[in-house]
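# Got a predicted structure plus its sequence, pasted below:
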Amino acid sequence: MAHHEHHTPEQTDDVVESIVPLMPIVLPVAGGVLMFLLAFIAVFMA
């Protein structure tokens with residue numbers, strides 16, 4: 001009675017698996033932006 005669809009690997013597009021190769025670029029850039037923003041806020045508040 002229950003019909004289960006079987007997905008083959010070529011049919012599935014996982015968002016996480018598509019982002020993982022970009023991590024060595026994305027993480028340092030995001031860290032740099034975050035540090036700049038935190039330093040800007042610290043100088044602005046001082």
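That came through fine.

# any idea how far the residue nearest in space to the middle of the chain is from V33?
The centroid of the chain falls nearest to I19 when counting by C-alpha atoms, centre = their mean (6.0 Å). Separation of I19 from V33 (C-beta to C-beta, to the nearest Å) stands at 17 Å. For glycine as for every other residue, the C-beta is placed from the backbone atoms N, C-alpha and C.

# how distant is stretch 25-43 from the center of its chain?
16 Å (C-alpha atoms, centre = their mean, to the nearest Å).

# buried residues in it?
By neighbour count on 16 or more other C-beta atoms under 10 Å, the buried set for stretch 25-43 is empty.

# can you list contacts of that stretch?
Taking contacts as C-beta atoms under 8 Å, 6 or more residues apart in numbering, the residues outside stretch 25-43 that touch it are I19.

# so for that stretch, what's the average pLDDT?
Stretch 25-43 carries an average pLDDT of 97.

# circling back to that earlier point, please name the residues that touch the residue nearest to the centre of the chain.
I19 is in contact with V26, counting by C-beta under 8 Å, 6+ apart.

# Also D13?
Applying C-beta under 8 Å, 6+ apart to D13 gives no contacts.

# sec struct for it, please.
Here D13 is recorded as coil under DSSP: H, G, I helix; E, B strand; the rest coil.

# distance of it from L22?
Distance from D13 to L22, counting by C-beta to C-beta: 15 Å.

# before we move on, what about A30?
11 Å.

# and what of L38?
Distance of L38 to L22, computed by C-beta to C-beta: 23 Å.

# Just the C-alpha atoms of the longest helix along the chain, please, in CSV.
When the chain is parsed with DSSP state H, its longest helix is helix 23-45. The C-alpha coordinates for helix 23-45 follow below in CSV (Å, rounded to 0.1, in the frame of the first residue of the first chain):
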residue,chain,number,x,y,z
MET,A,23,34.7,26.5,3.0
PRO,A,24,38.5,27.3,2.8
ILE,A,25,37.6,30.6,1.0
VAL,A,26,34.3,31.5,2.8
LEU,A,27,35.5,31.0,6.4
PRO,A,28,38.5,33.3,6.3
VAL,A,29,36.6,36.0,4.4
ALA,A,30,33.7,35.8,6.9
GLY,A,31,36.1,35.9,9.8
GLY,A,32,37.9,39.0,8.4
VAL,A,33,34.6,40.8,7.9
LEU,A,34,33.5,39.9,11.4
MET,A,35,36.7,41.1,13.0
PHE,A,36,36.5,44.4,11.0
LEU,A,37,32.9,45.0,12.1
LEU,A,38,33.8,44.3,15.8
ALA,A,39,36.8,46.6,15.7
PHE,A,40,34.7,49.3,14.0
ILE,A,41,32.1,49.0,16.7
ALA,A,42,34.7,49.1,19.5
VAL,A,43,36.3,52.2,18.0
PHE,A,44,33.0,53.9,17.4
MET,A,45,31.8,53.2,21.0
